[in-house]
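In: Structure of the sequence below:
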Amino acid sequence: MSTENEAAAARAQWGRLIRSIATHQDRSAFAALFQHFAPRIKTFMQRSGSSEARAEELAQETMLVVWRKALLFDPASATAAAWVFTIARNLRIDDYRRGHRGGGVVEITDIAIEFQVDESPQPDARLASSQTEARVQTALAALSDEQKRVVELSFFEEKAHAEIATILEIPLGTVKSRLRLAMGRLRNLLGELS
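Out: Numbering: from 1, shown residues only. Prediction:
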C-alpha cells in the first residue's frame, strides 16, 4: 500500500471514530482519538505560546469538545484532523483573549481518568517533527508571495480573515480565495515531498 493510500486510510479511520462517538458514545473510539490527537494538540498549543501545563489543559479541553460535539462533524466539509485542529485553534484564540482581558484560567476537571495519556515523547518524534517542519518550509517557499502572506497571517499570527483583509488592504473574498488556493497548493506540494 502506498504512503498516500495509508494516509487516506488513516484520515478515513479518524472520521469513522468520530462518527462512532456521535452515534454510540463509543469510549474506545474516543480513547483512540485522544491517544492520537491530544499529544499533537499539546505540541500545537506549545508552539502557539502556551506553557506546557496550559497546553495540556487546552488539549484536554479540545478533546472534551470533540466528545461533546461529535454529532457536528461533517466529513464532506473537512477531514477529522482539520475539524479537531479547528476546535483546538478556536479554543487557543479564546484562551488568548481571556488572558488579555484579565479573565481566569478555565479548569477542565471532568475528563475521566481513563483517558489520560502517557505524554512521554516517542523516540522518533523529534526527528519526524523536524522533517515535517522542513517539508512545510519547503512547500511554503514555493507559494506566491501573496499566498504566503495570507497563510502566515492566518495560521502563524492567528488573524481573522477580516483582519487580514484590512491589513493587506484587499477584499475579504480575495483573502479567502488566496487562502483556499494556498492550502490546495500546500496539500499538493506536501504530497509531492513525501
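In: only C-alpha atoms for contact and neighbour calcs from this point on.
Out: Will do.
In: which stretch of helix or strand covers Ala59?
Out: helix 52-68 (DSSP states H and E).
In: Summarise which helices and strands that helix is packed against.
Out: On a contact count with 3 or more CA pairs under 8 Å, 6 or more residues apart in numbering; DSSP states H and E, helix 52-68 meets helix 3-24, helix 27-47, helix 80-100.
In: Which of these has the highest mean neighbour count?
Out: helix 27-47 (a mean of 19; mean count of other CA atoms under 10 Å).
In: Need the contact partners of that one.
Out: If you take CA atoms under 8 Å, 6 or more residues apart in numbering as the criterion, helix 27-47 is touched by 14, 17-18, 20-21, 52, 55-56, 58-60, 63, 67, 85, 88, 92, 115, 117, 119.
In: any idea how far the residue nearest to Glu56 when sequence neighbours are not counted is from Leu153?
Out: Once flanking residues are discounted, Glu56 sits nearest to Lys42: 5.5 Å by CA to CA, 6 or more residues apart in numbering. With distances taken as CA to CA, to the nearest Å, Lys42 is found 21 Å from Leu153.
In: rewinding a little: quick one: the helices and strands packed on helix 52-68 as CSV, columns for mean pLDDT and distance to Thr166 too.
Out: Shown next, in CSV, are the helices and strands packed on helix 52-68 (pLDDT from 0 to 100; distance: least, CA to CA, whole Å):
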stretch, mean pLDDT, distance to Thr166
helix 3-24, 81, 35
helix 27-47, 91, 26
helix 80-100, 87, 19
